[in-house]
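S.K.: Quick one: sequence and predicted model below, then my questions.
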Amino acid sequence: MTTSEQLFEKAKTLIPGGVNSPVRAFRAVGGNPLFIKSAKGPYLFDEDGNRYIELINSWGPMILGHAFEPVEEAVREAIQHSFSFGAPTRKEVEMAELIIEMVPSVEKVRMVNSGTEATMAALRLARGYTGRDKMIKFEGCYHGHGDSFLIAAGSGVITMGTPDSPGVTRATALDTLTAPFNDLQAVERLIDANANQIAAVILEPVVGNMGCVLPEPGFLQGLRDLCDKNAILLIFDEVMTGFRLAKGGAQERFGIRPDLTTMGKIIGGGMPVGAYGGRREIMDMVSPSGPVYQAGTLSGNPIAMSAGLAMLRYLNEHPEVYTQLETTGSRLIDGFRTSLTKLGLDFTINHLGSMYTLFMTERPVSNFVDAKTCDLPLFGRYFQAMLKRGIYLAPSQFESLFLSTALTGEHIDQIIWANEEALKEVI
Ligand SMILES: *Cc1c(COP(=O)(O)O)cnc(C)c1O
């Protein structure tokens with residue numbers, strides 16, 4: 001038994017499923033999860049003495065590679081002054097100022113401790129601001145594990161959602177309406193059928209959580225227009241795309257201004273951080289300036305703020321990071337496409353900047369129904385074949401991969417080679 005296997009056996013007796021977040025258990029790809037001991041730059045090292053080039057990067061935060069020096073340095077400096085005060089600090093002011101400078105639509109911002117907290121708070125705020133209860137989300141978009149967001153589609157778009165998880169009440173599900181991603185007409189029908197009842201439309205402007213799915217031309221603008229026409233708040237969940245697709249996130253890249261934005265992942269530089277922000281008049285509804293309650297003992301934690309600030313400052317001051325990520329992404333995807341052609345395979349690759357997914361289906365993927373046509377057992381074999389060749393992918397077909405600036409041309413060549421060999425092995 002490897003050390004990872006031993007640890008997993010023990011973990012299963014102590015922690016539900018042996019993990020603290022479900023996808024880590026490798027259920028979707030088979031085999032045992034690797035227990036990670038350390039990471040540096042583009043590499044992960046497991047408890048068994050193996051090294052992997054990794055394409056998860058903590059699900060996004062490690063956009064500059066692991067243990068990035070300026071972030072490490074900032075944390076080392078911060079821990080000398082105690083770890084938490086539960087009182088305001090200078091760093092929170094600096095953090096808010098920087099986020100507002102970087103993210104086009106954000107005029108005021110509140111720090112929280114995770115993406116889940118950010119979306120829950122943003123939804124409560126949208127309800128408080130509009131005085132309406134219902135919300136529209138898209139099938140396959142993930143917004144953390146708040147009750148309201150754990151709702152799958154009903155069979156028809158006008159039907160009410162049913163909970164995805166036991167423990168989410170039917171009453172909660174009644175307020176969550178779902179539409180297929182990229183389907184403006186479905187959204188319009190929901191709005192018409194629920195006139196003056198919808199507080200917000202929330203989406204990942206570029207989806208990462210059903211695999212990488214791009215908005216079709218006009219989709220985001222169409223949502224903006226529908227929301228304006230019906231006094232509905234548009235919420236961009238930029239927990240994945242924020243500070244990644246551009247320094248101002250997807251909203252900068254696509255030139256659309258949401259009313260509220262939720263952030264996470266990169267914003268903490270690897271520490272547990274989230275944030276929500278947006279138009280001043282909406283954010284001023286948040287307690288204590290307004291009546292919508294939201295609080296957090298560890299919110300704005302000084303160590304977390306130090307890591308996040310160092311990360312965001314670096315990104316803000318080094319626009320070449322984004323040029324490099326674009327080049328790395330294009331080079332990788334070109335290589336994948338060449339391999340697919342060579343092997344006579346017609347799989348779909350969705351790609352934008354430093355996000356991509358290779359879908360094991362020949363169908364174009366523009367929503368969750370498309371994504372579900374993938375050959376999942378084949379993906380499981382492909383995942384293991386990549387792992388065997390030293391490449392650590394997200395252990396599910398329905399995830400985006402994330403590139404970092406720590407990847408050099410040599411790493412990219414190695415990934416392209418591994419991908420081609422892995423596909424040859426499993427097809
Ligand atoms: C990861 C993620 C969340 C949840 O963030 P946590 O920090 O895991 O709670 C919410 N929305 C999106 C788009 C995410 O990718």
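M.R.: In hand now; what should we look at?
S.K.: just checking, next helix/strand downstream of whichever helix in the chain runs longest?
M.R.: Assignment by DSSP state H gives helix 320-343 as the longest helix of the chain. From helix 320-343 onward toward the C-terminus, using DSSP states H and E, the following helix or strand is strand 348-352.
S.K.: interface residues of this protein facing the ligand?
M.R.: The interface of the chain toward the ligand, taken as CB under 6 Å from any ligand atom, is made up of 114-116, 119, 142-144, 204, 208-209, 237, 239-240, 264, 274. Just so you know, the C-beta spots here come from the backbone N, C-alpha and C atoms, and that holds for glycine as well.
S.K.: 8 Å - rerun?
M.R.: Counting by CB under 8 Å from any ligand atom, the residues of the chain close to the ligand are 21, 59-60, 114-119, 141-145, 204, 208-209, 237-241, 262, 264-265, 272, 274.
S.K.: Which ones among the residues you listed map onto strands?
M.R.: 237, 262, 274 (DSSP state E).
S.K.: give me every residue that touches whatever residue of the stretch 251-400 of the chain ends up closest to the ligand.
M.R.: Proximity of the stretch 251-400 of the chain to the ligand (CB to the nearest ligand atom) peaks at G264, 4.5 Å away. Residues in contact with G264 (CB atoms under 8 Å, 6 or more residues apart in numbering) are 114-115, 118, 239, 242, 273-275.
S.K.: Please identify which two of those residues are farthest apart in space.
M.R.: Distance extremes for the contacts of G264: the farthest pair is S114 and G242 at 13.8 Å, using CB to CB.
S.K.: which residues does whichever residue of the stretch 101-250 of the chain sits closest to the ligand contact?
M.R.: Per CB to the nearest ligand atom, G115 is where the stretch 101-250 of the chain lies closest to the ligand, at 2.1 Å. With contact set as CB under 8 Å, 6+ apart, G115 has these partners: 143-144, 237, 239, 262-265, 274.
S.K.: Would you reformat those residues as CSV and include pLDDT?
M.R.: Supplementary listing: the contacts of G115 in CSV, determined by pLDDT from 0 to 100:
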residue, pLDDT
H143, 95
G144, 94
D237, 97
V239, 98
T262, 98
M263, 98
G264, 98
K265, 98
G274, 98
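S.K.: Would you format these as CSV with distance to I349 included?
M.R.: Compiled in CSV, the contacts of G115 are given as follows (distance: CB to CB, whole Å):
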residue, distance to I349
H143, 25
G144, 27
D237, 23
V239, 23
T262, 27
M263, 27
G264, 26
K265, 23
G274, 30
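S.K.: of these, closest to G300?
M.R.: Nearest to G300, judged by CB to CB, of the contacts of G115 is G274 at 11.1 Å.
S.K.: State the distance from the closest residue to T119 other than its chain neighbours to L98.
M.R.: Using CB to CB, 6 or more residues apart in numbering and skipping the chain neighbours, the partner closest in space to T119 is H143 (4.2 Å). Separation of H143 from L98 (CB to CB, to the nearest Å) stands at 24 Å.
S.K.: Between these two, which is the more surrounded one?
M.R.: H143 (26 against 18; other CB atoms under 10 Å).
S.K.: what are the phi and psi values for that one?
M.R.: Note on H143: backbone dihedrals following degrees, to the nearest 10 are phi -130, psi 40.
S.K.: Just want the angle from the host helix or strand of A418 to helix 320-343.
M.R.: Assigned by DSSP H and E, A418 belongs to helix 409-426. Orientation check (axes from the mean of the first three to the mean of the last three CA atoms, to 10 degrees): helix 409-426 against helix 320-343 gives 30 degrees.
S.K.: buried stuff in helix 409-426?
M.R.: Neighbour counts using 16 or more other CB atoms under 10 Å place 411-412, 414-416, 418-420, 422-423, 426 of helix 409-426 among the buried residues.
S.K.: quick check, nearest of those residues to the ligand?
M.R.: Scanning the buried residues of helix 409-426 for proximity to the ligand, where the rule is CB to the nearest ligand atom, the winner is I415, at 22.5 Å.
S.K.: The most centrally placed residue in the chain - nearest residue in space that isn't next to it in sequence?
M.R.: What sits nearest the mean C-alpha location of the chain, by CA atoms, centre = their mean, is M240, with 3.0 Å. Of all residues not flanking M240 in the chain, G208 sits nearest, at 4.1 Å (CB to CB, 6+ apart).
S.K.: if I look at the one you found, how far off is L125?
M.R.: 23 Å.
S.K.: How many neighbouring residues does F26 have?
M.R.: With other CB under 10 Å as criterion, F26 counts 20.
S.K.: do the same with G296
M.R.: 16.
S.K.: can you tell me the helix or strand for it?
M.R.: Assessed by DSSP H and E, G296 sits outside every helix and strand.
S.K.: Mind listing what's buried along stretch 80-87?
M.R.: By 16+ other CB under 10 Å, stretch 80-87 has no buried positions at all.
S.K.: Can you pull out the low-pLDDT segments for the stretch 101-250 of the chain?
M.R.: Scanning the stretch 101-250 of the chain for pLDDT under 70 picks out 152-162.
S.K.: mind listing the strands for it?
M.R.: 108-112, 134-138, 151-152, 162-163, 176-179, 198-203, 233-237 (DSSP state E, counting those that start in this stretch).
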